[in-house]
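Colleague: with the sequence up front, the predicted model follows.
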Amino acid sequence: MIAFLAPYFNVPAPVRFPWCGTDSADCLAAASPVWQDIQDAAEEFYDRTAACTFTTFVAYEWSGQPGGNNLHRNVIFRNAVVPAMPTSYLEQATPQGLWATLQSQCLDELPGCDVLTIPHNSNVSGGLMFTPVASAADAAFRSSIEPVVEMNQHKGDAECRPGVQSTDEVCGFEKLNRLQLFSVVSDPNQTFPPLNYVRNVLKEGLAQEQELGVNPFRLGLIGSTDTHNATPGATEEEDFGAFGHIGLRDHTNPAFMLARVTPAGIEATPGGLAVVWAEENSRDALFAAVRRREVYGTSGSRPILRFFGGREADLRCGDPDFVATAYDGGVPMGGEIGPVRGGRSPRFGVLAFRDPGTPTAPGTPLQRIQIVKGWVDATGQAQEAVYDVAGDADGGATVDTTTCTPSGTGFDSLCAVWTDPEFDASERAFYYARVLENPTCRWSTILCNAEGIDCSNPGSVPAGYEECCNPSVPKTIQERAWSSPIWYRPEGVARVRGKVRFGDRPGKDVLQLAINLGGMPPGIDPATQAITIAVSDDDDIYRVTIPAGTLDEVRPGRFVWNDAAGTVGGIRSIRLERRGPRRVAFRLRTVPLALSAADRIDHFVEVSLHAGTATVTTTPLWHVGGKALVASN
């Protein structure tokens, strides 16, 4: 089947099979009920009750593979409002065409429709998955529709690679040594494109932002399986040799699992997992969390990971309210910060707990936590550094690969509150946490041991099991988790305060906002551009667009507007003022309005300022206090 289908995915402009009829009418007619079946299944198994036991999404995969280069995207819809038909590689042969169609058929033309795409297997994309964008507008759109990326999955890890713009030895983890998914050559000494790897893409995003004013690659990090067995949570090393990845092809032939065949064979992994920090297990809450990038990925195990950054003046390891304190003092993984402590480094808090496992399969102790930093230096060059911040890299934990019995110690939990010793407030940067477990046996070692392979006696090794004795195949694996990054922007949000004061009767609510920025974001000019201010959760709480030239420039860099009648979007007063080279203050207050969409519970509320291609966004946790919903960090 793979050999049959490959030509249809490898050509630059794919065509439908000849038996599809005039204008492909027969194939489209056959596809329509399949799309409906997907929608029906998602609805049938979605628990809409308050129990929130199981959440489904209507989704599909766009399987673009021009010239053999993998550009696959998972397309996820927020709810049951979806286009009449999905857009496949056969209709749109480029990611840009896919996004444009989703924009027109969903976001623009179908009320209530929302969508995002998730790229995977950039490690075999020929560097084309994340090609630089042409304009700030393209960068802004790409960042909005594609907020996260798969860091790893069945067909290998895509974080980074030693020698490919990185000297990080830990990057050697579970690499697929093929230039393309169906390459017959598996060789680690080939020249691999730098943009195959997510860390390099994150650095490229900083460089693009330096040039365009917008980061097209502000990507949260997840793991996934890409399983073809309909077992998305089956990521245990000890089970993979028995069940494999591609149905009966693997299950009926252990030797085939161990062969160096396409698309992965011995190089395959059981895949990773995506973890989403959301207020509840519902479509709206999960989709919103993915969009704000409050997600992390694992290589298949299930450690718990939290990561925060900001002022964090009260954050201490050992505090039983560590997470609540961290939310109040900064932003979680996936967030964005400005000069929250002036010229000093933000504080970063990271907390991890080992995979609890099960009574029959206990989780593995943690070894250490690292923080990975990428930045653009004064010459415009992207750099990276890795810091050990908790745990012990030399703890002595090992595993006997003949029996897969572990020895040595580790940690049930690890925590650090860290500042960057090389922080420069003028340089764009990202930071993400990487949690490493103690080593355990790789699935291939478990399978080879179960088959009784004795590598000390080469003549006894059965045909098809040669890879068991290949010294280049790792005997052990060091499972891990990656948080989404936190981005530092010199012109980003240094502090935000907000309040929705609820009136005693409908129409008497008042919104107040106070946002301090590290500088005027490139492209924002109230004299020549309209400015949109939005406050939203799963609904728009408040949104207004102020026409260009509405604000009065009372002196250079100080724009104001006062109107007791609130004729422009209910604004009573607004001020945008440059108070120095690295300080801009924005203040807004409304007249009494109906702000009934503001949920009266503790929850995340996004605040954004948008002008042209420039956007400043922050998503603090708002708390209910008396008759008000309040944010302050």
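Modeller: Alright, I've got the coordinates. Residues are numbered from 1 along each chain as shown.

Colleague: drop to CA atoms for contacts and neighbour counts, all remaining ones
Modeller: Will do.

Colleague: for residue 139, helix, strand, or coil?
Modeller: For residue 139, the assignment made with DSSP: H, G, I helix; E, B strand; the rest coil gives helix.

Colleague: correct me, but residue 306 touches residue 369?
Modeller: No: at 11.4 Å, residue 306 does not count as touching residue 369 under the criterion of C-alpha atoms under 8 Å.

Colleague: more crowded one of the two?
Modeller: Comparing residue 306 with residue 369 by neighbour count (other C-alpha atoms under 10 Å), the higher total belongs to residue 369, at 27 against 22.

Colleague: report the beta-bridge partner residues of the more buried one.
Modeller: Judged by DSSP bridges, the bridge partners of residue 369 are residue 390, residue 435.

Colleague: could you measure from residue 581 over to residue 519?
Modeller: Noted for residue 581: a distance of 6 Å to residue 519, by C-alpha to C-alpha, to the nearest Å.

Colleague: so those two - more neighbours on which side?
Modeller: Ranked by neighbour count (other C-alpha under 10 Å), residue 581 and residue 519 place residue 519 first, with 23 against 10.

Colleague: give me the pLDDT value at that one.
Modeller: Residue-level confidence at residue 519 comes out at 87, pLDDT.

Colleague: can I assume it sits in a helix?
Modeller: No: counting by three-state DSSP, residue 519 is located in no helix; its state is coil.

Colleague: nearest spatial neighbour of it, skipping sequence neighbours?
Modeller: Excluding the flanking residues, the one nearest residue 519 by C-alpha to C-alpha, 6 or more residues apart in numbering is residue 491, at 4.2 Å.

Colleague: tell me who's in contact with that neighbour.
Modeller: Listed by C-alpha atoms under 8 Å, 6 or more residues apart in numbering, the contact partners of residue 491 are 338-339, 517-521, 582.

Colleague: now swap in residue 627 and tell me
Modeller: Taking C-alpha under 8 Å, 6+ apart, one finds 501-503 in contact with residue 627.

Colleague: span of stretch 609-628 from start to end?
Modeller: Using C-alpha to C-alpha, the end-to-end distance of stretch 609-628 comes out at 22 Å.

Colleague: cool, stretch 41-58 as well?
Modeller: 9 Å.

Colleague: may I see the buried residues of it?
Modeller: Residues 42-43, 46-47, 56-58 are the ones in stretch 41-58 that count as buried (16 or more other C-alpha atoms under 10 Å).

Colleague: again with stretch 462-475
Modeller: Those would be 465-469, 474-475, for stretch 462-475 by 16+ other C-alpha under 10 Å.

Colleague: likewise for stretch 419-435?
Modeller: By 16+ other C-alpha under 10 Å, the buried positions in stretch 419-435 come out as 424-435.

Colleague: and if you look at stretch 168-176?
Modeller: For stretch 168-176, burial by neighbour count (16+ other C-alpha under 10 Å) applies to 168, 171, 173-176.

Colleague: run through the stretch 451-600 of the chain and note the low-pLDDT ranges.
Modeller: Within the stretch 451-600 of the chain, no range satisfies pLDDT under 70.

Colleague: re earlier: now, which of the contacts of residue 627 sits nearest residue 511?
Modeller: In terms of C-alpha to C-alpha, no member of the contacts of residue 627 lies closer to residue 511 than residue 501, at 6.4 Å.

Colleague: tally of neighbours for that closest one?
Modeller: 19.

Colleague: ok, now the one 4 residues further on?
Modeller: By the measure other C-alpha under 10 Å, the count of residues near residue 505 is 8.

Colleague: where does it fall, secondary structure wise?
Modeller: Using DSSP states H and E, residue 505 sits within no helix or strand.

Colleague: look up how far residue 83 lies from it.
Modeller: Residue 505 is 40 Å from residue 83, by C-alpha to C-alpha.

Colleague: next up, the contacts around residue 206.
Modeller: Contact analysis of residue 206 by C-alpha under 8 Å, 6+ apart lists 215, 375-376, 382, 428-429.

Colleague: nearest to residue 557, of these?
Modeller: residue 428 (23.7 Å).

Colleague: give me the nearest residue to that closest one, chain neighbours excluded.
Modeller: Sequence neighbours aside, residue 489 is the residue nearest to residue 428 in space, at 5.2 Å (criterion: C-alpha to C-alpha, 6+ apart).

Colleague: now the one you found: how far from residue 575?
Modeller: Using C-alpha to C-alpha, residue 489 is found at 22 Å from residue 575.

Colleague: ditto for residue 229
Modeller: 57 Å.

Colleague: these two: who's more crowded?
Modeller: residue 575 (19 against 14).

Colleague: any idea what the more buried one is bridged to?
Modeller: If you apply DSSP bridges, the partners that residue 575 bridges to are residue 560, residue 587.

Colleague: in a strand, residue 306, correct?
Modeller: Yes: the assignment for residue 306 by three-state DSSP puts it in a strand.

Colleague: and the residue lying closest to residue 502 once chain neighbours are set aside, what is it in contact with?
Modeller: Leaving aside its sequence neighbours, residue 502 sits nearest to residue 509 (C-alpha to C-alpha, 6+ apart; 4.5 Å). For residue 509, the contacting residues are 500-503, 592-595, by C-alpha under 8 Å, 6+ apart.
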